[in-house]
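Q: requesting a structural model of the entry that follows:
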Amino acid sequence: MYSSQLRNNRNRSTTQGSKPALDIKNNTAEASFFDNTLYIPTGLGVGTYKVTITAKNSQGSTEKVVTLKVDPKPAKPSISGGKKKITLKKNYKKTSVSFAIKGFPAPKVSVAAPKSIAKKISISKTGKLTIKKGIKPGTYKITIKVKNSQGSVSKKVTIKVKK
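A: Residues are numbered from 1 along each chain as shown. The predicted structure follows:
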């Protein structure tokens, strides 16, 4: 990807002067440049890296900052923490329970609930389960679902609203 961009930049600059000299600076990725190709070392840790490439010729110079993002190794999603059973008093106020959601790429998080309470239950992508006020007394079973390209997992939770 980067080598083709550099070749295109190089080809443009050679039409108005001598062949450009290419240089790398601010190289947090410890990348190298050879034969119009930017090489990234293997084993580069997770993070964001910047490399500034400068092309100079008789007509002047230009710089291009390339940002490299190294993501974690893909991982199956998981759900932990939170509670398996949530008990609420009759006139409870809005309540939240946090679950730890992990996985890469970032999993999609959803909650399945009985139709009678579905509009009162939501979950964020970070695993914060919110129960809005107004659910009638009773026992309800919900399922938290977490899915990414590496797989899926679910966790059953019981919500009990006392009379």
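Q: got the contact list for stretch 66-78?
A: The contact list for stretch 66-78 (CB atoms under 8 Å, 6 or more residues apart in numbering) reads 2, 29, 31, 38, 40, 44-53, 100-105, 107, 146-153. (Glycine included, C-beta is placed from N, CA and C.)
Q: repeat that for 6 Å
A: Contacts made with stretch 66-78 from outside it, assessed by CB atoms under 6 Å, 6 or more residues apart in numbering, are listed as 2, 29, 44, 46-51, 102-104, 107, 146, 148, 150-151, 153.
Q: swap in stretch 85-101?
A: By CB under 6 Å, 6+ apart, the residues outside stretch 85-101 that reach it are 79-83, 109, 127-133, 137, 146, 158-162.
Q: over to the spatially most central residue of the chain. Which of the three states is it?
A: For the chain, the residue lying nearest the average C-alpha position, counting by CA atoms, centre = their mean, turns out to be A106 (4.8 Å). Following DSSP: H, G, I helix; E, B strand; the rest coil, the label given to A106 is coil.
Q: and stretch 50-58, how far from the chain's centre?
A: Going by CA atoms, centre = their mean, to the nearest Å, the spacing between the C-alpha centre of stretch 50-58 and its chain's C-alpha centre is 31 Å.
Q: residues of it that come out buried?
A: Judged by neighbour count (16 or more other CB atoms under 10 Å), stretch 50-58 contains these buried residues: 51, 53, 55-57.
Q: ok, now stretch 133-152?
A: For stretch 133-152, a neighbour-count test (16+ other CB under 10 Å) marks 135, 140, 142, 144-148 as buried.
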